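Colleague: Got a sequence here, can you model it:
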Amino acid sequence: MRQAIQVLYSVETRSLSKSFGTVNAVDDVSFTVKAGEIFGFLGPNGAGKSTTIMILTTLLKPTSGHALVSGYDVMTHPKQVRQSIGYVQQESTVDEYLTGRENLLLQARLNHIPKDQINKKIDDILELIELSDKQNDPVITYSGGMRKRLDIAGGLLHQPKVLFLDEPTVGLDIQTRRKIWEYIKKIHKEFQMTIFLTTHYMEEADQLCDRIGIIDNGKIQVIDTPENMKNAMGNEIISLIFENENSEDFLSQLSQIDLVKKINKDNDKFTLFVSSGTEVIPKIFQISVALGIKITSISLTRPTLDDVFISYTGREIRDDDTGFNRKREHAKMKRLRA
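Modeller: Predicted coordinates for the structure are as follows:
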């Protein structure tokens, strides 16, 4: 009797790379995603998130390296990979002139769901995402949040082992975004499936993900739980602005304080990651007085994922980052697919 192979990792990559001409969109990326976890790729537009997800969903061939999804190699067993996954793209793929139910019927047929199971599966999914009362309305009448829920429903119909969500809440207002988070948590609990999502929203990654991989310029900077990432930065953060004189001496002496774990310098602003802010702040003032440095602003806060991201990449993620045109890049990927 043939035994089923138990897959420890839902996703596994080894030295995965993808180049477009001279641009390394994904650069020697290696990571694993445990079965049943919510894993997030956090990074700015153009960091390599969507390129990676397109490789994992067999829509794009890697330049080098290996990737396994549900135990299947994306290059040698693409059909088995596709059968085991659901993929919800950033851009909505629903037909706005069909009703919600008609869209799901179309998805069910594309996924070869047996006819005698289709209606029951659609009913269950519509109830889960709370669209049962709108199922017979044309999608053109749906709000952005309703369309996104319908997109996610389409990716769930065949009950995949791994659900890929590419920027699931981009372009939605914060209230709608948080509602989508609730549905994602609900889906994860209901189906016990692995969810792999990409996002450039810090709060989204913090709220949803068991573990996060920060990716920038095609390279993974760190992978860990959100809490461990924040704790590693120090228990508290001191932000310090001063008149820029003797800054190197100031930095040198601050770094020698025992409770200071790390210091980031940005012109006349220092960010100190410390174990105890109340003990460090008096020492900062002692050093500044001795060096004749005038402190103009000082504040004490807890670390956030923004602080973690800045620490690893040296810059913030901005929602209005328009340097990357996803539709243009997607079209380029299709042309360059090799």
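
Colleague: check contacts around residue 305.
Modeller: 42, 202, 203, 205, 206, 212, 226, 229, 230 (C-beta atoms under 8 Å, 6 or more residues apart in numbering). All C-beta spots, glycine's among them, are computed from the backbone N, C-alpha and C.

Colleague: Ramachandran coordinates for the last one?
Modeller: If I follow you right, that is residue 230. Dihedral angles of residue 230 (phi, psi; degrees, to the nearest 10) stand at phi -70, psi -40.

Colleague: Around the closest residue to it other than its chain neighbours, count how many other residues there are.
Modeller: Excluding the flanking residues, the one nearest residue 230 by C-beta to C-beta, 6 or more residues apart in numbering is residue 303, at 4.4 Å. Other residues near residue 303 number 18, with proximity taken as other C-beta atoms under 10 Å.

Colleague: now swap in the one 5 residues further on and tell me
Modeller: If you count neighbours by other C-beta under 10 Å, residue 308 ends up with 27.

Colleague: Pull out the buried positions in the helix or strand where residue 117 lies.
Modeller: If you go by DSSP states H and E, residue 117 is part of helix 115-128. By 16 or more other C-beta atoms under 10 Å, the buried positions in helix 115-128 come out as 118, 121, 122, 125, 126, 128.

Colleague: The helix or strand following that helix: how far from the chain's middle?
Modeller: Sequence order places helix 144-156 as the next helix or strand after helix 115-128, per DSSP H and E. In terms of C-alpha atoms, centre = their mean, to the nearest Å, the centre of helix 144-156 is found 18 Å from the chain centre.

Colleague: Let me know the average pLDDT across the helix or strand just after helix 144-156.
Modeller: Next helix or strand after helix 144-156 toward the C-terminus (DSSP H and E): strand 162-166. Here strand 162-166 scores 96 as its mean pLDDT.

Colleague: for strand 162-166, packing partners?
Modeller: Under the contact definition 3 or more C-beta pairs under 8 Å, 6 or more residues apart in numbering; DSSP states H and E, strand 162-166 sits against helix 49-56, strand 85-88, helix 144-156, strand 194-199.

Colleague: can you list the ones you listed in a markdown table and add mean pLDDT?
Modeller: Output for the helices and strands packed on strand 162-166, formatted as a markdown table (pLDDT from 0 to 100):
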| stretch | mean pLDDT |
| --- | --- |
| helix 49-56 | 94 |
| strand 85-88 | 95 |
| helix 144-156 | 93 |
| strand 194-199 | 95 |
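
Colleague: out of these, which comes closest to residue 170?
Modeller: strand 194-199 (7.9 Å; C-beta to C-beta).

Colleague: Taking strand 162-166 as reference, get the angle to the closest one.
Modeller: Between strand 194-199 and strand 162-166, the angle comes out at 10 degrees (axes from the mean of the first three to the mean of the last three C-alpha atoms, to 10 degrees).

Colleague: how far off helix 49-56 does strand 194-199 point, in degrees?
Modeller: Using the same axes, to 10 degrees: strand 194-199 against helix 49-56 is 150 degrees.

Colleague: what's the helix or strand for residue 65?
Modeller: strand 64-69.

Colleague: Ends of stretch 128-142, what's the gap?
Modeller: 17 Å (C-alpha to C-alpha, to the nearest Å).

Colleague: Could I get the buried residue list for it?
Modeller: 128, 129, 131, 132, 134, 135, 139, 142.

Colleague: Of the residues you listed, which pair is most distant in space?
Modeller: Farthest pair in these (C-beta to C-beta) is 128 and 139. Separation: 17.9 Å.

Colleague: Poorly predicted segments of the stretch 201-338 of the chain, please.
Modeller: In the predicted model of the stretch 201-338 of the chain, residues 244-245, 317-338 satisfy pLDDT under 70.
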